[in-house]
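In: Provided below are the primary sequence and the corresponding predicted coordinates.
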Amino acid sequence: MAWIYLLLAGLFEVVWAIGLKYTEGFTRLWPTVGTLAAMAVSIVLLAMAVKTLPIGTAYAIWTGIGAVGAVVLGIMLFGDPATLPRLLCVALIVVGIVGLKLTAS
């Protein structure tokens, strides 16, 4: 169950990371409320996951999911550059996430 919590925590991290863009510096009420709610849910789910998972593994995977999701959605929603070097770096993050999952005790 901890891995499911961690996956969901990472997905909510993506939501709040992308939500930051829509808050326009926390000047727009509803995007700000949604972003803060996603932050809270993400942290609570991470806390639930680290009850049984190693903190280093869980934190690295949580931030990795957030980073990969933010890059992918940044490309899709905001026209961020999708250059080969950027995509290769994202692929390295994915490899790291998979490696940590496979070697977690």
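Out: Done, it's in.

In: distance of A104 relative to L88?
Out: From A104 across to L88, the span is 25 Å (Cβ to Cβ, to the nearest Å). Where C-beta positions appear, they are placed from N, C-alpha and C, glycine not excepted.

In: nearest residue to the middle of this protein?
Out: By Cα atoms, centre = their mean, the mean C-alpha position of the chain lies nearest to G66, the distance being 1.7 Å.

In: export the helix or strand hosting that residue as PDB, just CAs?
Out: Using DSSP states H and E, the element containing G66 is helix 55-78. Extracted in PDB, the C-alpha atoms of helix 55-78 (Å, rounded to 0.1, in the frame of the first residue of the first chain):
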ATOM      1  CA  ILE A  55      12.900   8.000   3.500                       C
ATOM      2  CA  GLY A  56      15.700   8.500   1.000                       C
ATOM      3  CA  THR A  57      14.000   6.100  -1.500                       C
ATOM      4  CA  ALA A  58      10.500   7.600  -1.000                       C
ATOM      5  CA  TYR A  59      11.700  11.200  -1.200                       C
ATOM      6  CA  ALA A  60      13.800  10.600  -4.300                       C
ATOM      7  CA  ILE A  61      10.900   8.800  -6.100                       C
ATOM      8  CA  TRP A  62       8.400  11.500  -5.000                       C
ATOM      9  CA  THR A  63      10.500  14.300  -6.300                       C
ATOM     10  CA  GLY A  64      11.400  12.300  -9.400                       C
ATOM     11  CA  ILE A  65       7.700  11.700 -10.300                       C
ATOM     12  CA  GLY A  66       7.100  15.400  -9.700                       C
ATOM     13  CA  ALA A  67      10.000  16.500 -11.900                       C
ATOM     14  CA  VAL A  68       9.200  14.100 -14.800                       C
ATOM     15  CA  GLY A  69       5.500  15.100 -14.600                       C
ATOM     16  CA  ALA A  70       6.200  18.800 -14.500                       C
ATOM     17  CA  VAL A  71       8.600  18.600 -17.500                       C
ATOM     18  CA  VAL A  72       6.100  16.500 -19.600                       C
ATOM     19  CA  LEU A  73       3.100  18.800 -18.700                       C
ATOM     20  CA  GLY A  74       5.300  21.900 -19.200                       C
ATOM     21  CA  ILE A  75       6.000  20.700 -22.700                       C
ATOM     22  CA  MET A  76       2.300  19.800 -23.400                       C
ATOM     23  CA  LEU A  77       0.600  22.700 -21.700                       C
ATOM     24  CA  PHE A  78       3.100  25.600 -21.900                       C
END
